[in-house]
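1. Got a sequence here, can you model it:
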Amino acid sequence: MVPAAFFVLLAAALSLAMMLAWLSVLAGSKSGWVDATWSFLLGAAGLVAALTPLSGWEGEFARRLAVAVAAGVSASRLGLHIAHRTLGGGEDPRYAKLREEWGARWRFRLLVFLEIQAGAALLLAGTIFLAARNPAPGLQWTDVGGFLILLVAIVGEGIADAQLARFRSDPAHKDQVCDVGLWGFSRHPNYFFQWLGWTGYAVIAIGPVGGWPLGWAAVAGPVFMYWLLVHVSGIPPLEAHMWRTRGPAFAAYVERVNAFWPGPQTKEVSR
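-> This next block holds a predicted model:
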């Protein structure tokens, strides 16, 4: 199979899967299942992008296998975490707010929104594809560095999610803001580590000397994920919800801790 045909088929599969997720929400499923579905889909797309035989794009099999494993583990951990959270919770406040804002056209707007997510998954699968298909012979020091970054990202995101889950499970913390553990260094450490993982793929794709021009296209992965998490569907709607529900406690938290990059707040913040 040639890469063009592969990506056309992958795009169609992602689009269809997100349409099925849309139909599930219309049938009454919690919107949290959308994010779980997207995570599992991205992992599956990464696996096939790394391992599918493609004419002229074989690459080092050990690298392809390692990239596939990293993509599968990362996406599965996040998908299972979101699925567990959805099973034990109510409607995702971000989707509830969108539905309120969209009004009578929410069904169509949600379909468009989910199809955009399918496109985002395709772009990110392309980053995984480039990491897996780097033509450099053998395993390079950038492979080791990239996989170490991925390991730190997967473990860090898992720790952040576990710390938040434990905090929320304690009735004494009702209506409080989680600022324990990693959450004392970043208001969204899970998002930070999620972004960090995509930098690992980019490091692998670029290689030790950056001699493969296409490898540089993998930088689109971390750049896009940063934009998505920090400016679009990650931090903005979540913090808007926190301002509405936590008020002064969240304001005090914002004054102390950066939104994304770990560290103390260094600038004046306005709501």
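
2. pretty sure Gly72 is touching Phe40, no?
-> No. Judged on C-beta atoms under 8 Å, Gly72 makes no contact with Phe40 at a distance of 9.8 Å. Heads up, the C-betas are built off the backbone N, CA and C, glycines and all.

3. So Glu58: helix, strand or coil?
-> Secondary structure for Glu58, judged by DSSP: H, G, I helix; E, B strand; the rest coil, is coil.

4. ok, now Asn134?
-> The three-state label given to Asn134 by three-state DSSP is coil.

5. Excluding its own residues, what touches stretch 15-26? List them.
-> Residues from elsewhere that reach stretch 15-26 (C-beta atoms under 8 Å, 6 or more residues apart in numbering): 31, 33-34, 37-38, 41, 107, 110-111, 114-115, 117-118.

6. Now, of those, which are buried?
-> Taking 16 or more other C-beta atoms under 10 Å as the criterion, what is buried in these is 31, 33-34, 37-38, 41, 110-111, 114, 117-118.

7. neighbours of Ser39, just the number please.
-> Counted with other C-beta atoms under 10 Å, residues neighbouring Ser39 total 21.

8. Nearest residue to it in space, ignoring adjacent ones along the chain?
-> By the measure of C-beta to C-beta, 6 or more residues apart in numbering, the closest residue to Ser39 outside its immediate chain neighbours is Gly79, 3.7 Å from it.

9. Quick one: residues contacting the one you found.
-> Counting by C-beta under 8 Å, 6+ apart, Gly79 makes contact with 36-37, 39-40, 43.

10. how about a cut-off of 10 Å?
-> 35-44 (C-beta atoms under 10 Å, 6 or more residues apart in numbering).

11. Give me the below-cutoff pLDDT ranges for the stretch 151-271 of the chain.
-> Low-confidence segments of the stretch 151-271 of the chain (pLDDT under 70): 267-271.

12. And the helices in it?
-> For the stretch 151-271 of the chain, applying DSSP state H, counting those that start in this stretch gives helices covering 189-206, 220-227, 235-246, 248-256.

13. so what does the longest one touch, helix or strand wise?
-> Under the contact definition 3 or more C-beta pairs under 10 Å, 6 or more residues apart in numbering; DSSP states H and E, helix 189-206 sits against helix 61-88, helix 106-132, helix 141-169, helix 220-227.

14. Identify, out of these, the most deeply packed stretch.
-> Using mean count of other C-beta atoms under 10 Å, the stretch among those with the largest mean neighbour count is helix 106-132, at a mean of 20.

15. Between helix 61-88 and that one, find me the angle.
-> Here the directions of helix 106-132 and helix 61-88 differ by 150 degrees (axes from the mean of the first three to the mean of the last three C-alpha atoms, to 10 degrees).

16. you'd agree Pro53 is up against Pro3?
-> No. Contact criterion C-beta atoms under 10 Å: Pro53 and Pro3 do not qualify, at 11.3 Å.
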